[in-house]
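>>> here is my input, please return the structure:
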Amino acid sequence: MRPYDLLVAGEINPDLILSGNVTPEFGQVEKLVDSATLAIGSSSVIFACGVARLGLKVAFIGKCGDDVFGRFMLDEMQKRGVDIGNVIVSQTESTGLSVILNQGADRAILTHLGLIAELQAADIADRVLTQARHLHVASYFLQTKLQPDLPALFKRARSLGLTTSLDTNYDPSEQWRGFDDLLAVTNVFLPNEAEATSLTAAKNADEAANRLKVEAAAIKLGKAGALGICGSQKIQMSSIPVKVVDTVGAGDTFDAGFIYGYLNNWGLEKSLRLACVCGALSTQAAGGTAAQPTLEEALKFL
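Here you go, the predicted model:
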C-alpha cells in the first residue's frame with residue numbers, strides 16, 4: 001500500500017480571469033469588463049484538485065515563489081486536499097501567472113512563466129515516486145526543463161511500479177516534436193482533438209486515435225464529448241448538456257475523471273463517461289476548480 005494514489009509533477013500558477021468584452025484596445029484606451037477573478041490556475045494543479053475532489057489521495061511536486069501568488073496557490077491546494085509537502089518554494093524567484101481573457105466559450109491566455117518551466121526530473125527522487133501508484137504530467141510544452149528527461153522519468157516511475165499519464169496541452173511553437181520515446185512509456189494519453197491531430201499529422205480525431213501507440217487514450221472533443229481507445233476498443237462518448245459559465249480547466253477535470261476510472265480498473269466506456277461528465281460539470285462556475293464535482297455528484301449522470 002502506498003500513501004498516495006497519484007503524484008502530479010507540474011507547474012504552479014494562478015489564473016487572473018477577466019470576462020466580458022475583453023478584446024484590448026491600445027492607445028491608452030480603458031475598457032470595463034464584467035468580472036475579474038483570481039483563481040487556481042495551471043493545468044497540473046487543476047487536475048490535482050479534480051482527482052482529490054473525486055476522492056483520490058494526491059501529492060504534488062512543483063516549484064513556486066515565496067510570494068503572493070505562490071502562497072495563494074499553496075493555500076488553495078491544501079484546502080482541496082492536495083498534499084504540498086514536496087513543493088519546492090524559492091525565496092528569490094517569482095511564481096508564474098496566467099491572465100485569461102474570457103469571452104463566452106472562447107478565451108485567450110497571456111502567461112508570465114516565472115517558475116513554471118523550472119521543475120526538473122532530477123527534483124523528483126525515487127522516495128517521492130514510491131509514495132504513489134501513478135504519475136501524471138501536464139503542460140509538457142511549458143515545462144521546458146522537465147521535457148528532456150521526461151521519458152527517463154516515466155521509465156523510472158514505471159520501474160518503481162507506477163503507471164503514467166500525460167496531457168501535453170498546446171505546443172506554442174506548433175512543432176510537436178519528441179514524442180516517440182515519451183509515448184512509449186506513457187500508459188494514458190489525454191490530448192484534445194487539435195493536439196492529437198497535430199501530433200499524429202492526422203485529419204481528424206478518429207484517424208489520430210488509430211495512430212496513437214499507447215495503452216489507453218482519451219481525445220477531448222469539447223461539447224461533442226470524447227473519443228477513447230484502449231487496446232482494440234474505440235468508443236465515442238457524448239457530453240451532457242450544461243449551462244456554460246467558464247471553460248477554463250474543463251479539459252483538466254475531464255482528465256481527472258478518466259484517471260479516476262483508470263486507477264479503479266473501470267472499463268473504457270465507464271471511465272470515458274465519467275470524464276465527460278466531470279469536464280462538463282466543471283464549466284458551470286468561473287475558474288477551473290469551483291464547479292469540479294464530487295464522485296457522488298458525477299455518478300448521478302452515469
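>>> chain center to stretch 114-132: distance?
The chain centre lies 16 Å from the centre of stretch 114-132; the measure is C-alpha atoms, centre = their mean, to the nearest Å.
>>> show me which positions of it end up buried.
Of the residues in stretch 114-132, those buried by neighbour count under the rule 16 or more other C-beta atoms under 10 Å are 114-121, 123-124, 128-132. Bear in mind the C-beta positions are built from the backbone N, C-alpha and C, glycine included.
>>> in those residues, find the pair that's most separated.
Gly114 and Thr130 (29.6 Å; C-beta to C-beta).
>>> picking up where we left off before, go through the buried residues of stretch 114-132 and name the one nearest Gly222.
Closest to Gly222 out of the buried residues of stretch 114-132 is Ile116 (25.0 Å), distances taken as C-beta to C-beta.
>>> now do the SS call for that closest one.
Assigned state for Ile116: coil (three-state reduction, DSSP: H, G, I helix; E, B strand; the rest coil).
>>> wait, it sits on Gln143?
Yes. Using C-beta atoms under 8 Å, Ile116 is in contact with Gln143, at 7.1 Å.
>>> need the overlap of contacts for the two.
Taking C-beta atoms under 8 Å, 6 or more residues apart in numbering as the contact definition, Ile116 and Gln143 share the neighbouring residues Glu11.
>>> burial of the closest residue to Asp34 other than its chain neighbours, as a residue count?
Closest residue to Asp34 apart from its sequence neighbours, by C-beta to C-beta, 6 or more residues apart in numbering: Gly20 at 3.2 Å. Neighbouring residues of Gly20 were enumerated by other C-beta atoms under 10 Å; the total is 15.
>>> which regions of this protein lie under the pLDDT threshold?
Counting by pLDDT under 70, the chain shows low-confidence ranges at 105.
>>> show me where it has its helices.
Secondary structure of the chain (DSSP state H): helices at 43-53, 68-79, 126-129, 150-159, 180-184, 193-200, 205-211, 250-263, 268-281, 295-299.
>>> buried residues in the fifth one, which are they?
For helix 180-184, a neighbour-count test (16+ other C-beta under 10 Å) marks 182-183 as buried.
>>> on that earlier part again, with distance to Ile229 as added columns, please give the helices of the chain in JSON lines.
Putting the helices of the chain into JSON lines (distance: least, C-beta to C-beta, whole Å) gives the following:
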{"stretch": "helix 43-53", "distance to Ile229": "20"}
{"stretch": "helix 68-79", "distance to Ile229": "32"}
{"stretch": "helix 126-129", "distance to Ile229": "27"}
{"stretch": "helix 150-159", "distance to Ile229": "19"}
{"stretch": "helix 180-184", "distance to Ile229": "13"}
{"stretch": "helix 193-200", "distance to Ile229": "10"}
{"stretch": "helix 205-211", "distance to Ile229": "5"}
{"stretch": "helix 250-263", "distance to Ile229": "12"}
{"stretch": "helix 268-281", "distance to Ile229": "8"}
{"stretch": "helix 295-299", "distance to Ile229": "22"}
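>>> run a quick neighbour tally on Lys203.
Lys203, neighbours per other C-beta under 10 Å, totals 9.
>>> report how many residues lie close to the spatially closest residue to it that is not a sequence neighbour.
Among residues not flanking Lys203 along the chain, Thr197 sits closest, at 7.0 Å (C-beta to C-beta, 6+ apart). By the measure other C-beta under 10 Å, the count of residues near Thr197 is 20.
>>> got it, and Phe189?
Residues near Phe189, counting by other C-beta under 10 Å, number 25.
>>> from the buried residues of stretch 114-132, pick the one nearest Glu297.
When the buried residues of stretch 114-132 are compared against Glu297 (criterion: C-beta to C-beta), the nearest one is Ala132, at 25.1 Å.
>>> ok, that closest one touching Leu162?
Yes. With contacts defined as C-beta under 8 Å, Ala132 counts as touching Leu162 at a distance of 6.3 Å.
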